[in-house]
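Trainee: structure of the sequence below:
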Amino acid sequence: MSESEGLRPTPDRVRETLFNWLTPYIAGADCLDLFAGTGALCLEALSRGAARVVMVEKAPHVAERLRQHVKRLDAQGAEVVLADAVEFLERTPQGFDIVFIDPPFKSDLISHSAAAVDTRGWIKPGGLAYIEAPSRLGELSLPAGWEVIRSKKSGQVGYHLARKTV
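Mentor: Sure, this is the predicted structure:
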């Protein structure tokens, strides 16, 4: 698999619904995108009033393209980190208000990433996690203390918004 194989931008309709869900929470929020890809989620978050976004991307050429987009857009508050998401989550954590977990569909990274985000302290109490997964996936395996507050399917994509309640 090439470094960018499996790069699957969030469909426009899904992104529109997601940001409708996030409208009450996005202003001033600190956001973390563990599988940034195109960066669309974090750049949209910034455009809607997020204070800071950190985009983690492991493919060097994709991360460089993200840096170019950030520079061209003069996206203040945006940071691109070249790292594998799992390894990034082993670093000293910073609490985020909103965490985007949208790994390649052919991986088993959703439950592992969500668990690390929770146990390592990457999400603040009351924080939100957006999870994008194959629509055929049954129930999400999320940490105890996370409740799914919104969930929809659109074609091949299942998308969910969860809140860390504790």
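Trainee: show me the shaky parts of the chain.
Mentor: Scanning the chain with the threshold set as pLDDT under 70 gives 1-11.
Trainee: give me that answer again for 80
Mentor: By pLDDT under 80, the low-scoring segments of the chain are 1-12, 105-107, 137-139, 166.
Trainee: contacts only, for the most centrally placed residue in it.
Mentor: Against the mean C-alpha coordinate of the chain, by CA atoms, centre = their mean, the closest residue is Phe100 at 1.6 Å. For Phe100, the residues meeting the contact criterion (CB atoms under 8 Å, 6 or more residues apart in numbering) are 31-35, 41-42, 129-130, 132. (C-beta placed from N, C-alpha, C; glycine too.)
Trainee: which one (most neighbours) among the residues you listed?
Mentor: Of all the contacts of Phe100, the most densely surrounded is Leu32 (30 neighbours; neighbours counted as other CB atoms under 10 Å).
Trainee: does it count as helix, strand or coil?
Mentor: Leu32 carries the three-state label strand when classified by DSSP: H, G, I helix; E, B strand; the rest coil.
Trainee: residues in contact with the closest residue to it other than its chain neighbours?
Mentor: With CB to CB, 6 or more residues apart in numbering as the measure, Phe96 is the residue that lies nearest to Leu32, at 4.3 Å, once sequence neighbours are left out. Taking CB under 8 Å, 6+ apart, we find Phe96 in contact with 29-32, 54, 122-124, 127.
Trainee: having no further points to raise, I will conclude here.
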